[in-house]
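Enquirer: just to be clear, the model below is a prediction. Sequence and coordinates:
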Amino acid sequence: MFKVGDKVVTTRSRVIGTVIRITPKRKDVVVDFGNYQSTFRPDGWQKGVDVWSSTIIEPLTPEIEREIKRNIIINKCKKLFQIKERNLTFDQAARILEVLEDEDNG
């Protein structure tokens, strides 16, 4: 099912990784997530963890990638709002309202 070089995503936390190795004997799938690696069974279930913290990998599709990118942008915006709300100027507030009101009317 998985091949070396495939882009995959975890179903729980939506982390994207790359398959870097398939073990010859058991066909375990080793995935590099950038700052860590993890091993999965050929069916996608993570190895070496209990059932409560286990995750599954699936092939990364364009739709899933788009959803992840959208969520990143939304979360970044929410975080910036939390940081900026204390120092929000009148001009910034007016521009934000203009954008939000355009969305409501459009």
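Expert: Yep, that arrived. Residues are numbered from 1 along each chain as shown.
Enquirer: just the pLDDT for residue 21.
Expert: If you check residue 21, the pLDDT there is 98.
Enquirer: kindly report the same for residue 103.
Expert: 66.
Enquirer: what's the answer for residue 52, then?
Expert: pLDDT, residue 52: 86.
Enquirer: same check, this time on the one 5 residues further on
Expert: The confidence metric pLDDT takes the value 98 at residue 57.
Enquirer: ditto for residue 106
Expert: Looking at residue 106, the pLDDT reads 54.
Enquirer: low-scoring stretches of the protein, by residue?
Expert: Applying pLDDT under 70 to the chain picks out residues 103-106.
Enquirer: max-length strand in it?
Expert: When the chain is parsed with DSSP state E, its longest strand is strand 16-22.
Enquirer: now do the helices in the protein.
Expert: Using DSSP state H, the helices found in the chain span residues 62-84, 90-105.
Enquirer: hmm, residue 16 and residue 9 touching each other?
Expert: Yes: Residue 9 is within contact range of residue 16, at 5.2 Å (criterion: CB atoms under 8 Å). In short, each C-beta sits where N, CA and C put it, glycine included.
Enquirer: residue at max distance from the center of the protein?
Expert: Using CA atoms, centre = their mean, the residue of the chain lying farthest from its centre is residue 90. It sits 34.6 Å away.
Enquirer: for that residue, give its distance to residue 77.
Expert: 20 Å (CB to CB, to the nearest Å).
Enquirer: what does residue 9 give?
Expert: 22 Å.
Enquirer: in terms of neighbours, single out the busier of these two.
Expert: Neighbours around residue 9 and residue 77, counted as other CB atoms under 10 Å, are more numerous at residue 9. The numbers are 21 against 10.
Enquirer: what do residue 9 and residue 16 both touch?
Expert: Shared contacts of residue 9 and residue 16 (CB atoms under 8 Å, 6 or more residues apart in numbering): 60, 65, 68.
Enquirer: would you mind checking those residues for buried ones?
Expert: residue 60 (16 or more other CB atoms under 10 Å).
Enquirer: ok, the shared contacts of residue 9 and residue 16 vs residue 46, which is closest?
Expert: residue 60 (16.4 Å; CB to CB).
Enquirer: thought the closest one was touching residue 11?
Expert: No: counting by CB under 8 Å, residue 11 is not a contact partner of residue 60; they are 11.4 Å apart.
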